[in-house]
Each structure stands twice: as structure tokens, then as C-alpha cells.
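Trainee: Using only what follows, build the 3D model:
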Amino acid sequence: MVNTYWILLIKINYQLNMKNYEQLIEYFEEQLKTIKYKNDPLELYSPITYTLGFGGKRIRPVTTLMGCELFCGDYSKALPQAIAIELFHNFTLIHDDIMDNAPIRRGRETVYKKWNSNIAILSGDTLFALAYQYAQQADKEILHDILSVFNNTAIEVCEGQQFDLNYETSSNVSVQEYMNMIRLKTGVLFGAALKIGALIGGASTNDANLLYDFGVNIGLGFQLKDDLLDTYGNEGVFGKKTGGDIVSNKKTFLFIKALEISDTKNREKLLSLYDSIDIDPEIKIAATKEIFSNVKVDFAANKEIDKYFTSGMECLNKLNIPNENKQYIKDVAVKMIDRNK
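Mentor: As a prediction, this is how the structure comes out:
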């Protein structure tokens, strides 16, 4: 009876001490600000400080902390790896902006626009190296596994980016190909962030893999939601003008699925809109959205989002930890999927 009482008391105390997303992002932001980078050469390191100052949701590093806390109760053990995940993510953003010719990110000039492409490439490369330095700050018993996840993810993210570039000039991209591309470009980093945290927290291989699959599925839903918001989001809440993907002829899930389910007339009209180079952007957006609505592609997207969210929850529910301990990570998943910005 006494043993049962103490076990119950320990479990309750553990649950009370767990941190939610808001608490962990505050902790992570404070720790991130303490990092001191070199300032010589200034042109190399200033863009790094500038980029990390953009802010953002910090979902990936926070889930690394959460993944660790789920299994050992001490999120701070995974801080170096959480920093590694955030630095790596920002490395990809710097390089993506160059490839996409994107002048603005989160309302500020991108690195290549503020400095130039050469500086952006070098600063991005340096961020990747710094990320690796933080990733390897782990006990030698788990170091190989952590670096294996980190390296495989880095390769897959680059594969996803190359597929994305390939699809810009391809006239025949399937939904399956698109989903694989965003799995690589977006989903695997969410999965890796959680798995690395779990490994540091002492999770079993099975639990770490389940948490990885949870992250990948939620990451896929997150990206599909981005596609949906870019076309159908409330601009006042979304924080930027919608229709950017349409104007830039980006082959999102909405576009590819619309081609798949449209009749000949709507398909030809949609292809014509994306082939046009001198059409007024507002007219193009309105005409494309009309086709999307006619074929109910927004319903198809929401159905797909629900599918990946459900799959992610199934993985999370299989974790060999008390269900009540999973609540904060469930809240993050809902935050990622059920959002307006």
C-alpha cells in the first residue's frame, strides 16, 4: 500500500512539473539569446544573428525538449540538440530563400536580399556546421543514434528541396509525388526533432520510432494547412496577402489535386491560368480560387489533413507512457494543424 502511494505521488508530481509549449518556448528563447557568435568576419556572422532574430513559432526545437521530457522529466538535457534543430532549420530557410528568389520572410528582408547570395550561402553553411556542433553534445552511448538521425534528416531535407525545384518545371506532378516531397522537405524534420529528444530522454527504440512517425504525420498536416491558408486564409489573421502560391505558379496540393479531380474544361482553364505570364495577379487569384471551389479541392485538402492528424495521434497513443503525460504534445499537434496563420 505504501509503495503504491509513493508511486502515485511521484507520477502526479512528474505530471505537475511538465512544461507546456508556452513555457518551453520562453525557456528556449532565453537560452538561444545567450549564444554568442563570432563577429569576425562580420559579414559571415551578422546574417546568422539577423536570421535567428526573426523569431517564429520555434515548434521544432520545443518538440525536441518535449520529446525528452516525456521520457525522463528533464527537458533541459536536450537543449543542445534543440538548438541544433533550430540552427539547421534556419540554414534551410536561408538557402531556400536564395533558390526561391524570396525577398521577404516574416516581414523582413531575407539574408540574400539584405547582403547578397554569396554571403547568404556562406552564412547558411556556417549555421549547418554550428548545428552539427550542438547535435553532437550528447552522451557517447547515444551519440551515434542521434547523429544518424540528424544526418539522415539533413540528406532527406535536401532531397525534398531538389524534388521541389524539379517540380517547378514539371508539367505532370502527382499527388503522391507531392506528398513525398513535403514529407522529405518538411515532415522528417518534425519527426527527427521529436525522435532525438526521445533518445536523449531514454526512450526505447520502439517509442522513439513511434514519436518520429507522429512528428512526420503532423508535419505533413502542417504543410498541407500552409497550402490551404495561402489560398483561403483570412489575411487579417494570416498576416500576409493570400494567393502568393497562385501568383508564383507554385504546384501545391490544391493545384495538383484540382488537376486530378477537375473535368476537362476546368483542367484546361487552370493550366492556362498557370501558363499565363501577363495576367493581372488579382484576376488570376480570383479565377483560380473559383476553380478550386468548383471542384471542392479545399474539402479534399481538409480531408487529407485529418487523415495525417489521425495517423499521428494513433502513433502517439501507442507510446508506452501514461496517457496524461502526452497531453502537452497533443496540444502542440492541434496548434500546428488547427490554426489560422
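Trainee: Compute the distance between the most centrally placed residue in the chain and Leu122, please.
Mentor: Most central in the chain under CA atoms, centre = their mean is Thr186, positioned 5.0 Å from the mean C-alpha point. Here the distance between Thr186 and Leu122 works out to 25 Å (CB to CB, to the nearest Å). Heads up, the C-betas are built off the backbone N, CA and C, glycines and all.
Trainee: circling back: tell me the pLDDT at the residue nearest to the centre of the chain?
Mentor: Predicted confidence (pLDDT) at Thr186: the value is 96.
Trainee: That one reaches Lys225, doesn't it?
Mentor: No - contact between Thr186 and Lys225 fails when scored by CB atoms under 8 Å: they sit 11.0 Å apart.
Trainee: Checking the residue nearest to the centre of the chain next. Helix, strand or coil?
Mentor: Reducing the assignment to helix, strand or coil with DSSP: H, G, I helix; E, B strand; the rest coil, the entry for Thr186 is helix.
Trainee: any idea how far it lies from Lys289?
Mentor: According to CB to CB, Thr186 stands 24 Å off from Lys289.
Trainee: One more: Leu165?
Mentor: 26 Å.
Trainee: Quick one: the helices in the stretch 101-250 of the chain, in order.
Mentor: When secondary structure is read from DSSP state H, counting those that start in this stretch, the stretch 101-250 of the chain shows helices at 111-114, 117-135, 140-168, 175-182, 188-200, 205-232, 235-238, 244-247.
Trainee: and for the fourth one, what are the contacting residues?
Mentor: So the one you mean is helix 175-182. For helix 175-182, the surrounding residues in contact (CB atoms under 8 Å, 6 or more residues apart in numbering) are 160, 163-164, 167, 220, 223-224, 251-253, 256-257, 260.
Trainee: Now tabulate the residues you listed in CSV and tack on distance to Ala138, neighbour count and pLDDT.
Mentor: What follows is those, written out as CSV (distance: CB to CB, whole Å; neighbours: other CB atoms under 10 Å; pLDDT from 0 to 100):
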residue, distance to Ala138, neighbour count, pLDDT
Gly160, 26, 21, 97
Phe163, 31, 19, 96
Asp164, 31, 19, 93
Tyr167, 36, 17, 92
Leu220, 28, 26, 98
Gln223, 29, 24, 96
Leu224, 33, 26, 97
Lys251, 39, 19, 92
Thr252, 37, 21, 95
Phe253, 36, 22, 97
Ile256, 40, 20, 97
Lys257, 41, 22, 97
Glu260, 44, 13, 95
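Trainee: Tell me which two in these are the farthest apart.
Mentor: Pairwise distances across the contacts of helix 175-182 (CB to CB) peak at 21.1 Å, for the pair Gly160 and Glu260.
Trainee: who's in contact with Gly202?
Mentor: Remark: with contacts taken as CB under 8 Å, 6+ apart, Gly202 is in contact with 71-72.
Trainee: State the pLDDT value of it.
Mentor: The pLDDT attached to Gly202 in the predicted structure is 97.
Trainee: Ile7 too?
Mentor: Checking the pLDDT column for Ile7, the value is 40.
Trainee: do the one 5 residues further on as well
Mentor: The score at Ile12 is 45. That number is its pLDDT.
Trainee: any low-confidence regions in the stretch 201-341 of the chain?
Mentor: Applying pLDDT under 70 to the stretch 201-341 of the chain flags residues 235-240, 341.
Trainee: the strands in it, which residues?
Mentor: With DSSP state E, counting those that start in this stretch as the criterion, the stretch 201-341 of the chain has no strands.
Trainee: For burial, what's the neighbour tally of Asn323?
Mentor: When neighbours are defined as other CB atoms under 10 Å, Asn323 has 10 of them.
Trainee: Check the contact between it and Met313; I expect there is one.
Mentor: No - using CB under 8 Å, Asn323 and Met313 do not qualify as a contacting pair, with a distance of 11.5 Å.
Trainee: Distance-wise, check Asp207 relative to Leu70.
Mentor: Taken as CB to CB, the span from Asp207 to Leu70 is 9 Å.
Trainee: the more surrounded of these two?
Mentor: Leu70 (26 against 21).
Trainee: mind checking pLDDT for that one?
Mentor: Predicted confidence (pLDDT) at Leu70: the value is 96.
Trainee: Give me the phi and psi angles of it.
Mentor: In this entry, Leu70 is assigned phi and psi values of phi -60, psi -30 (degrees, to the nearest 10).
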